[in-house]
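**Student:** just a sequence and a predicted model for now, questions to come.
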Amino acid sequence: MTTGKTARILPGPRKIDGTIDTEGVRRTGYSEEYVMPFSRRVAADEGGYWIARNVTPGTGVAGHAAPQTHDTEKAFIMLKSGLPNESVYLDFIKLVVTAAGTAGSLNYATHTVDKGRTFSSGGGDLTVVRTNLAVPNNSPFNLAKIGAVVPGEPNSGDARIVAHQRVRTVIPVVGDVVLFTFGETPQGSGLRKWNG
């Protein structure tokens, strides 16, 4: 009989803690190979899914006052990966309007990646938690900020706009939900990381 295991924690070839697992096949108690299609639920069960939220749920976070154009010095969310050898992917961002807008009539959102950008000031910390209680609650980010964030000067010419879209054609009202998806249709809110 071929041995194996069924476990909630990710088996080989590399476990979450970085050690090598030589028993790389998942099996049921009857030694049947156990294969699951990848999903948010599987990522959460393996310890590779995080939720990032403002410190006090339901409390509004103010951004910059009515930016007129795309301005890389007026970010609303800034994340810096702390995993140099692994990739962190945004699953989606969900924003709920808690205070009515007072200026402007058209809202756009621009998503930019820039590995050399530093943080200067502003904004508040995001609380980042791993959804699986069986593994340590370490954040995949060195920096996770939201609000009137002021990025520092870029250290490289590697900035890239990866998305730009119209969000609202009128002034946002209380209760509006803005949802940015980065791939699949979202079911909750969070960040996903794959071991590669």
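**Tutor:** Nice, thanks for sending it over. Just so we're clear, the structure is a prediction, and the values are computed from it rather than from any experiment.
**Student:** which strand or helix spans the residue nearest to Phe119 when sequence neighbours are not counted?
**Tutor:** What sits nearest to Phe119 in space, not counting adjacent residues and going by C-beta to C-beta, 6 or more residues apart in numbering, is Leu143, at 5.5 Å. Where C-beta positions appear, they are placed from N, C-alpha and C, glycine not excepted. Assessed by DSSP states H and E, Leu143 sits inside strand 141-154.
**Student:** that strand pairs with which strands, parallel or anti?
**Tutor:** The pairing partners recorded for strand 141-154 under DSSP bridges are strand 75-81 (antiparallel), strand 117-121 (antiparallel), strand 124-130 (antiparallel).
**Student:** name the residues of that strand that are buried.
**Tutor:** Residues of strand 141-154 classed as buried: 141, 143-149, 151 (neighbour count, 16 or more other C-beta atoms under 10 Å).
**Student:** what is the least confident helix or strand in this protein?
**Tutor:** strand 191-194 (a mean of 42; mean pLDDT, DSSP states H and E).
**Student:** domains of the chain?
**Tutor:** 1-35, 50-194 (automatic domain parsing).
**Student:** just the helices in the chain please.
**Tutor:** 40-45 (DSSP state H).
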